[in-house]
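In: Make a model of this:
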Amino acid sequence: MQSQVRTWATAAAAAVLCASAATAQYTENFESYTASAGGTVFTPGGAPNSGGWRQWDGASNNDTLAYGAGGPIAAHGGTKYIATQLGSDTIKEFSVYTSGHWVITNWTYIPSTMLDLQWFVLLNDYNDFGPYSWATQIVYDPIIAEVRPDNGYSLNTCTPQWGLGVPMQFDVWKETKVDVDLDADIAQVFYDGAPVGDPFSWSQGPFGQNGGAGLPCPPPPYIEKAIECIDLYANSTLMSPSVIYWDDISIGGTTPPPVAYCTPTGSGSSSGCITAIAASDNPNVAHSNTCTIAVTGVEGQKNGIIFYGLGSNALPWCTSGGNSMLCVKSPTQRTQGQVSGGTAGLCNGTLNLNWNGFQSANPGALGQPWSAGAKAYVQGWFRDPPSCKTTFLSQALEMTYVP
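Out: Numbering: from 1, shown residues only. Predicted structure coming up:
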């Protein structure tokens, strides 16, 4: 592993992923381990320690140390943290992160006395003695004082972006964050809150070619698409000592907020109404939170409904003419009929739905029982005789169920 990563790093001489706040699924603050002011060996042999950390390929290693109160620096949180140096190649494996949207964070303290490189490496696939599949690798380089991730090809420009760096901060705790959407196969790296390079293909790896050279851009997903291994790797010798301190490593799942899509085209309804749809929040599986949906900009005093399905669509509502789209796949579920209110001829009507109230009152409705991560696609419909089919459809909304 060491030679491969070093070879990659040596060869490497604007849409930003957005997500709601992460809910932590895995956290490591190192508080549960034996530690000391002088440093206690963290992973001495091939067997994992109590938290599952061990050395690459089951090697024996005495160079990853756990520090406690009175150690070289103060912890980022609590009183304990670890340090990697010399032959450290410390890994933690996972088996559960194969889909969904995740945020991986670590906090590093880089001493100004550091002389050689260290890496934060993330792998799609890890097996002792191989095969391995890298996703990205982030080098902390004291020689040029940069943090440089290898991020494959930019999905914005299709140009190589390995080796792009930002200034590295010494003698202070700083956060490195990797935002990973496994379903979309998109990732992006951040250091100290700022993006480092553009989004890239997670599965295609640091140089964008896990599936082979000469891929199109954007590349197709590679067979390996997961968050399977964290590796803290030190490239250090007694001649060039290199120590990095690590604390508060986490992998948190995120749920995107409700997202509107499929906006009606042209001039809108017969009165020129351009409708919009929004939800106060994603629904939870117990239907106990507040999730209300509002379709606004509806023609006043029109009969209408809000309906939903389990998949999205983008089909013209009429084969010829018309400005609205059917944005929800069949089968669909209607909710109760209602009148939009407002003033006839104006665009001040609204259709409203208490989503959780409807689901609780109709346990046999489409989608029941709902589970975390399930999606609902929602759209409004109202009478509009001058329009095609005498009706008009609103913008649509994608909601994701949360626990």
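In: which stretches of the stretch 51-200 of the chain form strands?
Out: Taking DSSP state E, counting those that start in this stretch as the test, the strands found in the stretch 51-200 of the chain are 54-55, 65-67, 81-84, 89-97, 101-109, 118-125, 133-141, 146-150, 166-167, 173-181, 186-191, 194-195.
In: chain center to the fourth one, what's the gap?
Out: Okay, so that is strand 89-97. 18 Å (CA atoms, centre = their mean, to the nearest Å).
In: Could you list the paired strands of that strand along with their orientation?
Out: strand 54-55 (antiparallel), strand 227-234 (antiparallel) (DSSP bridges).
In: CA-only coordinates of it in CSV, if you can.
Out: Provided in CSV are the C-alpha atoms of strand 89-97 (Å, rounded to 0.1, in the frame of the first residue of the first chain):
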residue,chain,number,x,y,z
ASP,A,89,-0.6,2.5,8.3
THR,A,90,-3.7,2.4,10.5
ILE,A,91,-7.0,1.3,9.0
LYS,A,92,-10.7,0.9,10.0
GLU,A,93,-13.0,-1.2,7.9
PHE,A,94,-16.7,-0.9,7.3
SER,A,95,-19.4,-3.0,5.6
VAL,A,96,-22.5,-0.8,5.8
TYR,A,97,-21.9,2.2,3.6
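In: Deepest-packed of the strands paired with strand 89-97, please.
Out: Ranked by mean neighbour count under mean count of other CB atoms under 10 Å, the strands paired with strand 89-97 are led by strand 54-55, which reaches a mean of 24. Glycine gets a C-beta too; all of them are placed from N, C-alpha and C.
In: Identify the residues contacting it?
Out: 43, 45-48, 61, 64, 88-91 (CB atoms under 8 Å, 6 or more residues apart in numbering).
In: just to revisit the earlier point, need the strands of the stretch 51-200 of the chain in TSV with distance to residue 374, can you?
Out: Supplementary listing: the strands of the stretch 51-200 of the chain in TSV, determined by distance: least, CB to CB, whole Å:
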stretch	distance to residue 374
strand 54-55	36
strand 65-67	41
strand 81-84	38
strand 89-97	18
strand 101-109	14
strand 118-125	25
strand 133-141	27
strand 146-150	33
strand 166-167	38
strand 173-181	17
strand 186-191	21
strand 194-195	30
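In: May I see these organised as a markdown table, with mean pLDDT and distance to residue 302 added?
Out: Formatted as a markdown table, the strands of the stretch 51-200 of the chain follow (pLDDT from 0 to 100; distance: least, CB to CB, whole Å):
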| stretch | mean pLDDT | distance to residue 302 |
| --- | --- | --- |
| strand 54-55 | 96 | 65 |
| strand 65-67 | 98 | 67 |
| strand 81-84 | 97 | 62 |
| strand 89-97 | 92 | 47 |
| strand 101-109 | 94 | 37 |
| strand 118-125 | 96 | 51 |
| strand 133-141 | 95 | 51 |
| strand 146-150 | 95 | 53 |
| strand 166-167 | 96 | 53 |
| strand 173-181 | 95 | 38 |
| strand 186-191 | 94 | 40 |
| strand 194-195 | 90 | 45 |
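In: and residue 354, which of the ones you listed is closest to it?
Out: strand 101-109 (27.1 Å; CB to CB).
In: how far off strand 146-150 does that closest one point, in degrees?
Out: Counting by axes from the mean of the first three to the mean of the last three CA atoms, to 10 degrees, strand 101-109 lies at 150 degrees to strand 146-150.
In: which other helices and strands contact strand 101-109?
Out: strand 118-125, strand 173-181, strand 227-234, strand 244-254 (3 or more CB pairs under 8 Å, 6 or more residues apart in numbering; DSSP states H and E).
In: try 7 Å
Out: The contact analysis (3 or more CB pairs under 7 Å, 6 or more residues apart in numbering; DSSP states H and E) places strand 101-109 against strand 173-181, strand 244-254.
In: can you put those in JSON lines and add distance to residue 103?
Out: Listed next are the helices and strands packed on strand 101-109 as JSON lines, based on distance: least, CB to CB, whole Å:
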{"stretch": "strand 173-181", "distance to residue 103": "5"}
{"stretch": "strand 244-254", "distance to residue 103": "5"}
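In: Okay then, goodbye and thanks.
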